[in-house]
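J.: 3D, please:
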Amino acid sequence: MNEKDKMLAGLAYNAGDEQLFADRMHAKSVCHRFNMADPTQLEAQMAILKALLIIKDRAHIEPNFFCDYGYNIEVGSNFYSNHNLTILDVCKVTIGNNVLIGPHVMISTATHPLDPIERQHQEYGANVSIGNNVWIGGNVSILPGVTIGDNCVIGAGSVVTRDIAINSVAVGNPCRVTKTLATKVSAKKEY
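T.: Residues are numbered from 1 along each chain as shown. I've put the predicted structure just below:
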């Protein structure tokens, strides 16, 4: 396996690998063009990101947006993210339909070994999955390996360290379910 294969599999890999470095530089360049684009030209602005991410229809991301690779991010329809979304996508990040994300949110699939020597030259990751009809408040951090189920609300400032079951309101650090929702999801809301 090469280093990219190891990374995508969630195994320990060397992030200093030449190909991975080139992939990150490409993503940074695309993000820079997106962040500097004319904000009144919404379609042209989003077209820049659509060349990097897998984005379904009717998605909008406010600048600034940052990611590691981009090709590991899949965003569903009717997606909206407020300013300063950061996605560290060394592994797959899947975001469902009708998802709203507040400002200053960080989604990370990347983590590091606890051993200080190994940490100097290795990292690894775990996929993150966010279901349909999810609302993530501002300043939320979602950590590697987390799945957030459909119809959830994640309160502002939360640090999501473990899976959140469907139809839940969850808040805090660490984020915990505080309420179960009786949902009436019958019609798709258009944004």
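J.: what are the boundaries of the helices in the chain?
T.: 3-8, 18-36, 42-50, 116-119 (DSSP state H).
J.: what would those helices look like in a markdown table with distance to G172?
T.: Placement of C-beta: from N, CA and C, glycine included. Output for those, formatted as a markdown table (distance: least, Cβ to Cβ, whole Å):
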| stretch | distance to G172 |
| --- | --- |
| helix 3-8 | 31 |
| helix 18-36 | 30 |
| helix 42-50 | 31 |
| helix 116-119 | 28 |
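J.: out of those, which is closest to N84?
T.: Across the helices of the chain, N84 has its closest neighbour in helix 18-36 (10.0 Å, Cβ to Cβ).
J.: and the angle from the closest one to helix 42-50?
T.: Between the axes of helix 18-36 and helix 42-50, defined by axes from the mean of the first three to the mean of the last three Cα atoms, to 10 degrees, the angle is 170 degrees.
J.: buried ones in helix 18-36?
T.: Using 16 or more other Cβ atoms under 10 Å as the test for burial, helix 18-36 gives L20, D23, R24, A27, V30, C31, F34.
J.: and which of those is nearest A126?
T.: Nearest to A126 among those, with distances taken as Cβ to Cβ, is L20, at 17.2 Å.
J.: was I right about the closest one contacting E3?
T.: Yes - taking Cβ atoms under 8 Å as the definition, L20 is a contact partner of E3 at 5.8 Å.
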